[in-house]
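> pasting a predicted model and its sequence here:
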Amino acid sequence: MTEEEYKKHIDEIKEFLYRQHTIYEQYKIVALGVVKETLKFLTEDVVEPNKLSGYLIQYLVYDSAGKYGNTSPKNDYRMKLVTVYLQGLFVARDLILEGNYNKASAVLKQDVEMVARLSELAKSKTGKLYKQPHLKFAPPIFGKLYGRLNDIAHISKEEILEELITYRDKEGSGYSPVKKLDERFALELFLADSNIKLELLRLTLILHHDLFGDDEIYPKASAYFHLLTQLVKTVVIVSRSKKANG
């Protein structure tokens with residue numbers, strides 16, 4: 001290859017990258033529109049409890065920083081796990097809002113595994129710390145949820161794949177990589193995320209109490225948790241009713 005040919009290829013690659021980047025940026029603009037559409041569809045009644053659960057977990061972890069408590073290898077490990085979850089606190093939520101249901105399901109699967117591991121650690125006084133989670137330690141409802149998330153994340157059923165990529169308009173239908181709002185997936189996965197967050201909040205509260213007992217923030221956080229439990233239950237009941245009637 002001559003120097004002139006090499007430069008020509010480089011210019012072609014730059015032009016190719018520019019065109020493809022422009023298309024990708026257009027996809028991102030569409031995704032922002034999907035976020036607005038999804039938030040409108042879900043309503044604040046569904047979205048706000050999810051946000052409050054996440055921020056309470058954040059509140060409890062940040063409050064623990066620099067405080068002296070009942071430290072032990074197990075409690076230290078539990079706090080590390082909660083901290084890892086906190087790093088991606090709203091990753092699943094944001095993926096759901098922008099219509100990325102496949103990727104959101106994969107993240108939620110990992111969050112269910114976090115529930116299982118923290119549940120096991122909260123129940124056992126001894127045992128190996130650094131090991132794979134087992135779903136048998138999570139509340140029973142999460143076993144069925146994990147299976148459903150697995151179906152969406154791994155696209156193991158034809159109807160799921162069709163729904164994820166099919167678009168329909170007045171002129172017909174086809175397949176598209178552009179994200180879109182699917183009301184069924186959006187509601188199902190958002191409620192799943194809310195239930196997972198609520199359970200992780202409960203486990204974080206248990207950890208906080210194991211570390212610091214009834215300190216100055218535990219009663220407030222505990223009261224908010226019980227309020228959230230009722231809010232999430234109400235949201236699930238109302239959402240199922242709407243789904244059944246719609």
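The structure has been received and is ready for your questions. Numbering: from 1, shown residues only.

> hey, let's count contacts and neighbours off CA atoms from now on
OK.

> the residue most central in space within the chain: what's it in contact with?
Centroid check for the chain by Cα atoms, centre = their mean gives residue 92 as the closest residue, at 2.6 Å. Counting by Cα atoms under 8 Å, 6 or more residues apart in numbering, residue 92 touches 104, 105, 107, 108, 193.

> at 10 Å what do you get?
Applying Cα atoms under 10 Å, 6 or more residues apart in numbering, we find residue 92 in contact with 100-101, 103-109, 111, 189-190, 193.

> nearest to residue 137, of those residues?
Closest approach to residue 137 among the contacts of residue 92 (Cα to Cα): residue 111, at 13.7 Å.

> pLDDT score for the closest one?
On pLDDT, residue 111 comes in at 97.

> same check, this time on residue 246
Model confidence at residue 246 (pLDDT) stands at 57.

> how about the helices in this protein?
3-42, 44-64, 73-87, 91-97, 101-123, 141-153, 158-165, 183-212, 218-245 (DSSP state H).

> run the chain-centre distance for the shortest one.
In this view, helix 91-97 has its centroid 6 Å away from the chain centroid, taken as Cα atoms, centre = their mean, to the nearest Å.

> in it, what counts as buried?
92, 93, 95, 96, 97 (16 or more other Cα atoms under 10 Å).

> and residue 129, which of the helices of the chain is closest to it?
Using Cα to Cα, these put helix 73-87 closest to residue 129, at 6.8 Å.

> and that closest one, which residues are buried?
By neighbour count on 16+ other Cα under 10 Å, the buried set for helix 73-87 is 74, 75, 77, 78, 79, 81, 82, 83, 85, 86.

> turn those into TSV, including distance to residue 58 and pLDDT.
As requested, the buried residues of helix 73-87 are arranged in TSV below (distance: Cα to Cα, whole Å; pLDDT from 0 to 100):
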residue	distance to residue 58	pLDDT
74	20	91
75	17	91
77	17	93
78	15	94
79	12	93
81	13	95
82	9	96
83	9	94
85	10	96
86	7	95
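
> relative to residue 202, which of the residues you listed is nearest.
Out of those, the member with the shortest distance to residue 202 (by Cα to Cα) is residue 82, at 11.5 Å.
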